[in-house]
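# following is a predicted model, sequence given first.
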Amino acid sequence: MSTEENVSDDHLESLMDRESDPKVTTADDAGEEMPDDLTDEELKSYVEAALFVSSEPMSAADLSNYLDRDGNRLRELMKELKEEYDRTGRGFQLLKVAGGFKMTTRSEHYPMLKKLFGERTLTRLSDPAIETLVIVAYHQPVTRSEAEAIRGVDCQSVLQTLLEKDFIRIGGRRDEIGRPIEYSTTDRFLDYFGLNSLNELPDEDEIQSLFGE
Amino acid sequence: MSETERTDDLSYEVFHTEYHGPLQGLLDASRAQDVALSRLDIRELINDFSEYLRSEPELRVNVLSEYLLVFSELVRIKTRELLPGDDEEVEETPDRPEGSEDRAFYERVSERLRDHAEERSRLYGSTPDSLPEEVRDGETRYREVTLYELIEAFRDIMATTRDKQTPDIEITNEFETSDQMEYVLDRVAGTGPVGFRELLSSTPSREEIIVTFLAILQLVKQDDLRLIMAVSGGSIKVVSPENFTPEG
């Protein structure tokens, strides 16, 4: 297995690039251009279709790349869609997660869906993995030795697992002796825990009120 | 669509569904937010203006520079409008709470996040049926690797070794494809997925990489090996077909 020391800078760069290479295909690429003069309602149906198919949260910026339409207009339409679904009590909703919107079912339908389709198969994270992930989230970009200093135990294999499961990514190298790798969390981390942004991580007051201190 | 119109005093007029009038007036209206700049295609305006310039018998630098300033200001205003508003939060590292060096704090946050994950797991999402075939290995979900991804991985490995090698590749016959095929089969026998890079020595020569790549291709062709990658991304792995059964 590769260790941090023998990961070359070139390879590291390629790993870092993966996150910023969403491989978005535009409508032009597909050879089928959307009409320029779509009404808001028509454009909304395009947005709805994209959100329906996407397995990842989509932001207005993502959609703007794909549909070649103004981001502000798309953001408004996404908000309208969300409100419509909530107002009319549809069986699905737009969940605001990882900085975008994701179409999901509603929690009240879970028992029925579980009966019909079985439990959702989620990646299970061990206690050490979640704890390490939380440390990365609060301290990012964080090096392995910094995470180990807080946890008090070796974190190499846990970090490797989190990397493979795409909960963390390599953000770069720290400009210090040994140039250690820095880790940051990914959108998958936010999606997995149902967070829209890192700002939604609990602060000390919330933790104290929850645990009665 | 916008159109241009030349007038006697050389003032340049814009005809657009969102605005009709002098360019300077468009700038003023944009600053006053009387025009929905988000609906204006500035690129289209600039193209029209370029055509207008070409139709002129001579280039007037002072006029051109004035219009350039106007266009750059329009671009600046529009760019600001496109920045995320308050409702779209910009990703920021959270402030570290008091006692953030205390491990107990993280244990409690972990417990709280487990609840979040539990709630999140009750929401089913859409999955495009265009996803490649998936296979399972314990908790990690895998899918077949495309040829494009394989070539990309090969290039990636080659790129990382390029600077360490001499410009000329010395063929030493140290690595034979047949030997490397045998080696790869030994590595994957009776075990789970093995990383593509793990099949190479820690400082592989270009010859070793090329021969290993050819060996893998041959084994895949013979159906003795499968190339997979976690659905969530990551590195390419090789696996023996006996150890993995496609889902469904």
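Here it is on my side, so go on.

# can you give me the strands for chain A?
For chain A, strands defined by DSSP state E occupy the ranges A:92-97, A:100-105, A:142-143, A:168-173, A:181-185.

# what sits opposite the spatially closest residue to A:Asn196 that is not a sequence neighbour in the beta ladder?
With sequence-adjacent residues excluded and distances taken as CB to CB, 6 or more residues apart in numbering or on different chains, A:Asn196 is closest to A:Lys96, at 4.9 Å. Glycine gets a C-beta too; all of them are placed from N, C-alpha and C. Beta bridges link A:Lys96 to A:Phe101 when assigned by DSSP bridges.

# list the contacts of A:Arg120.
Neighbouring residues of A:Arg120 by CB atoms under 8 Å, 6 or more residues apart in numbering or on different chains: B:Ser121, B:Tyr124.

# give me the distance between it and A:Arg90.
Separation of A:Arg120 from A:Arg90 (CB to CB, to the nearest Å) stands at 20 Å.

# pretty sure B:Val238 is in a helix, no?
No. Assigned with DSSP: H, G, I helix; E, B strand; the rest coil, B:Val238 falls outside any helix and is strand.

# tell me the bridge partners for it.
Under the criterion used here (DSSP bridges), B:Val238 is bridged to B:Val194, B:Leu227.

# for B:Arg226, see how far away it is.
B:Val238 is 7 Å from B:Arg226, by CB to CB.

# next: A:Tyr110.
According to CB to CB, A:Tyr110 stands 35 Å off from B:Arg226.

# check B:Tyr67 too.
Per CB to CB, B:Tyr67 is found 61 Å from B:Arg226.

# more neighbours, those two?
Neighbours per residue, other CB atoms under 10 Å in any protein chain shown: of B:Tyr67 and B:Arg226, the larger number sits with B:Arg226, 22 against 16.

# B:Met181 belongs to a helix?
Yes. Assessed by three-state DSSP, B:Met181 belongs to a helix.

# residues contacting it?
Counting by CB under 8 Å, 6+ apart, B:Met181 touches B:Ala215, B:Gln218, B:Leu219.

# okay, and the helix or strand of chain A with the least pLDDT?
None of the helices or strands of chain A scores lower by mean pLDDT, DSSP states H and E than helix A:9-19, at a mean of 55.

# give me the buried positions along the helix or strand containing B:Gln218.
B:Gln218 belongs to helix B:206-221 when assigned by DSSP states H and E. By 16 or more other CB atoms under 10 Å in any protein chain shown, the buried positions in helix B:206-221 come out as B:206-213, B:215-220.

# mind checking pLDDT for the spatially most distant residue from the centre of chain A?
Going by CA atoms, centre = their mean, the residue of chain A most distant from its centre is A:Asp37, 32.6 Å out. At A:Asp37, the model reports a pLDDT of 81.

# re the thing from before, same list, the strands of chain A, but as TSV with mean neighbour count and mean pLDDT please.
Shown next, in TSV, are the strands of chain A (neighbours: other CB atoms under 10 Å in any protein chain shown; pLDDT from 0 to 100):
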stretch	mean neighbour count	mean pLDDT
strand A:92-97	21	92
strand A:100-105	22	92
strand A:142-143	24	92
strand A:168-173	20	86
strand A:181-185	24	91
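
# in CSV: those, plus distance to A:Lys44.
Converted to CSV, these look like this (distance: least, CB to CB, whole Å):
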stretch, distance to A:Lys44
strand A:92-97, 12
strand A:100-105, 13
strand A:142-143, 41
strand A:168-173, 33
strand A:181-185, 32
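
# tell me the contacts of B:Leu27?
If you count contacts by CB under 8 Å, 6+ apart, B:Leu27 has them with B:Val70, B:Glu73, B:Leu74.

# can you tell me the helix or strand for it?
Element membership for B:Leu27 (DSSP H and E) is helix B:23-31.

# may I see the buried residues of whichever helix or strand comes after that helix?
Using DSSP H and E, the next helix or strand after helix B:23-31 towards the C-terminus is helix B:42-55. The neighbour-count check on helix B:42-55 (16+ other CB under 10 Å) flags B:Leu45, B:Asp48, B:Phe49, B:Tyr52 as buried.

# and these, which two are the farthest apart?
Pairwise distances across these (CB to CB) peak at 10.4 Å, for the pair B:Leu45 and B:Tyr52.

# pull up the overlap in contacts between these two.
Contact with both B:Leu45 and B:Tyr52 is made by no residue, according to CB under 8 Å, 6+ apart.
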